[in-house]
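Novice: next one to model:
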Amino acid sequence: MTTNTGDVDFEVVEAELVDDDQLPAVPAPAAPAKPLVDQHTILYPGQALPTEDSGPRYTRRDYEVSGETARRLEEESAPDNTDRNYRYQRRQFAEWCALMGRVVRPCTTATYVEYCAHLIAEEKRPNTISTYLSAVRTWMPDDAKPGTSLARGMLREYRKSWSKRNRVKKAPAITAAMARAMVDTCDLHHPIGLRDRFVILVGRRALNRRIELANLTMEDLIVEDGGVAEWVAYSKTDQDAHGEETWVPADVTDPRYDPVTATRDWLTCLHHLGVDDGPVLRALTVAGTLQSRASATVSGHFVTGDAVNDWIRGRAFAANLPNWQDITAHGLRRGGAQEIAGAGGDPTKQGRWKEGSATVKREYLDRAQSRAENPWHKVAEKQQSLAGGTGAGEGRG
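Specialist: Reported below is the predicted structural model:
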């Protein structure tokens, strides 16, 4: 703006008056991008040094999934037995951390070790503590998992003292004679009897885990005259679900105890009940009709491993077997494996154990060999030989 005052023209400029020591700040030059290198970086001739600016620029779109993908993730993460246990164990850890004023996730190694000591103080089983610790550690981000060496050392020492005070009681093995006695309690004119006979005979011959039986579908079974081909889609040692076929040979000595006949009879019964696909094992009413599964939102028409246990224990009770209350579906697997090992075979592949399994060697192969080579057998053989010789001498006299 120009103003005239007398003979003097002057221009007024709009400006801010400041003291010399309070001049407007000059914008600082941007800091150079931080190099992204470590001891493993290799640069080719002429290649620029990588920096933070070299990386991709992520937006929200890079982190979002579609509604269909979200639904699929939720379905695939539906809590089976393992997921359900892990959720409970992680919740217990979170509650303990809140009580102790500790950060839950990611937790420090000190918190992890202290929690191990807490579980030991509660005198939980060593295997239970190991499972709890595994649930906690796998819950942590990959780059922030706590150290395990100290906790493992504590648990190892605790396991020694715990074993002195407690002897793990295993489910009794269901022998061939016990299995036949249990089958004899099955009414083969009733759906429940046909179902339970199938579980006993096929489960024992296939060395099934209870959850493998519960997860069987009708598409997993191929019935032939010589046996039943059972496809185990996934198992404890096959978490990636490659699947494996197990062959259950026929027993031609008596159709009542033949797994092929048992399978055909049960599949025929299911057909009459209007079931031609889906789970092989079904919950039934006392009248032999399909039980309503409307409230079974997680498992649907599939039964649980606990249900299979109840069926087996019920048959053991009906057969008046000793210690029936301790018998579970796992006894089918143990009994079959012991019988194979006792005959000089290796149950590893039939039972879908890992090759070279220490469990198979210790529990079945070594056990069978130890019993077969027991020195008292030599004593009995000598006594029989002497008795035979005495009898022969008396006869000649």
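Novice: quick one: residue 210 and residue 305 touch, right?
Specialist: Yes - the pair residue 210 / residue 305 is scored as a contact, 4.0 Å apart, by CB atoms under 8 Å. The way it works is simple: take the backbone N, C-alpha and C, and place the C-beta from them, glycine included.
Novice: joint contacts of the two?
Specialist: Common contacts of residue 210 and residue 305 (CB atoms under 8 Å, 6 or more residues apart in numbering): residue 329.
Novice: where does the stretch 1-150 of the chain have low pLDDT?
Specialist: 1-31, 33, 74-82 (pLDDT under 70).
Novice: okay, helices next: where are they in it?
Specialist: Ranges of helices in the stretch 1-150 of the chain, per DSSP state H, counting those that start in this stretch, are 67-76, 81-100, 109-121, 126-139, 149-165.
Novice: next: the stretch 151-300 of the chain.
Specialist: 176-183, 191-205, 210-215, 259-272.
Novice: buried residues in stretch 142-152?
Specialist: Neighbour counts using 16 or more other CB atoms under 10 Å place 145, 146, 148, 151 of stretch 142-152 among the buried residues.
Novice: how near is the second one to residue 83?
Specialist: It refers to residue 146. 22 Å (CB to CB, to the nearest Å).
Novice: now do residue 92
Specialist: 15 Å.
Novice: quick one: contacts for residue 207?
Specialist: Residue 207 touches 246, 332, 333, 336, 337, 347, 350, 351, 352, counting by CB under 8 Å, 6+ apart.
Novice: what's around residue 351, how many residues?
Specialist: 23 (other CB atoms under 10 Å).
Novice: name the nearest residue to it, ignoring sequence neighbours.
Specialist: Distance criterion CB to CB, 6 or more residues apart in numbering; nearest residue to residue 351, sequence neighbours excluded, is residue 207 at 3.6 Å.
Novice: next, count neighbours for the nearest residue to residue 140 once chain neighbours are set aside.
Specialist: Distance criterion CB to CB, 6+ apart; nearest residue to residue 140, sequence neighbours excluded, is residue 106 at 4.8 Å. Per other CB under 10 Å, the neighbour tally for residue 106 reads 15.
Novice: quote the end-to-end distance of stretch 269-277.
Specialist: 13 Å (CA to CA, to the nearest Å).
Novice: list the buried residues for it?
Specialist: 269, 270, 275.
Novice: specify which residue of residue 210 and residue 305 has the higher count of neighbours.
Specialist: Shown here are residue 210 and residue 305; by other CB under 10 Å, residue 210 has more neighbours (23 against 19).
Novice: related to what we said a few turns ago, mean pLDDT lowest where, among the helices of the stretch 151-300 of the chain?
Specialist: Per-stretch mean pLDDT for the helices of the stretch 151-300 of the chain is lowest at helix 210-215 (a mean of 93).
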